[in-house]
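Student: Just a sequence and a predicted model for now, questions to come.
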Amino acid sequence: MADLDEAIVATVDGPVHIESDGKDVAVLLSPEQYAALAGPVARIPRAELERLMAASIERHGSVYRALAKWEAENEPPEA
């Protein structure tokens, strides 16, 4: 547990890469680093996102339906 505490404190200096078998498996970020990566969308309240999505569907619904139809018709075969 001490290693995790140290890793959390180390995020002050930048992202902390967590490795397993010599490969990155996760990256630990400070809240500020995460906010910078997530951008303004992460700070929009859910109700506002739902309002924006509804407006987008109302305005561009035919495009969404055409894309969904194309995707259904061109889906790659199951492996």
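Tutor: On my side now, so go ahead.
Student: got the phi/psi numbers for P77?
Tutor: Dihedral pair for P77: phi -60, psi 150, per degrees, to the nearest 10.
Student: again, but for G14
Tutor: Torsion angles, degrees, to the nearest 10, at G14: phi 140, psi 180.
Student: from what I can see it touches L28, true?
Tutor: No: the pair G14 / L28 is not scored as a contact, 10.1 Å apart, by CB atoms under 8 Å. For the C-beta atoms, the positions are set from N, CA and C on the backbone; glycine is no exception.
Student: Those two: who's more crowded?
Tutor: L28 (15 against 10; other CB atoms under 10 Å).
Student: Correct me if wrong, but V25 is in a strand.
Tutor: Yes: counting by DSSP: H, G, I helix; E, B strand; the rest coil, V25 falls inside a strand.
Student: leaving aside the residues next to it on the chain, what's closest to it?
Tutor: Once flanking residues are discounted, V25 sits nearest to I18: 5.8 Å by CB to CB, 6 or more residues apart in numbering.
Student: who does whichever strand or helix holds the one you found touch, helix- and strand-wise?
Tutor: Using DSSP states H and E, the element containing I18 is strand 16-20. Using 3 or more CB pairs under 8 Å, 6 or more residues apart in numbering; DSSP states H and E, the elements in contact with strand 16-20 are helix 2-10, strand 23-28.
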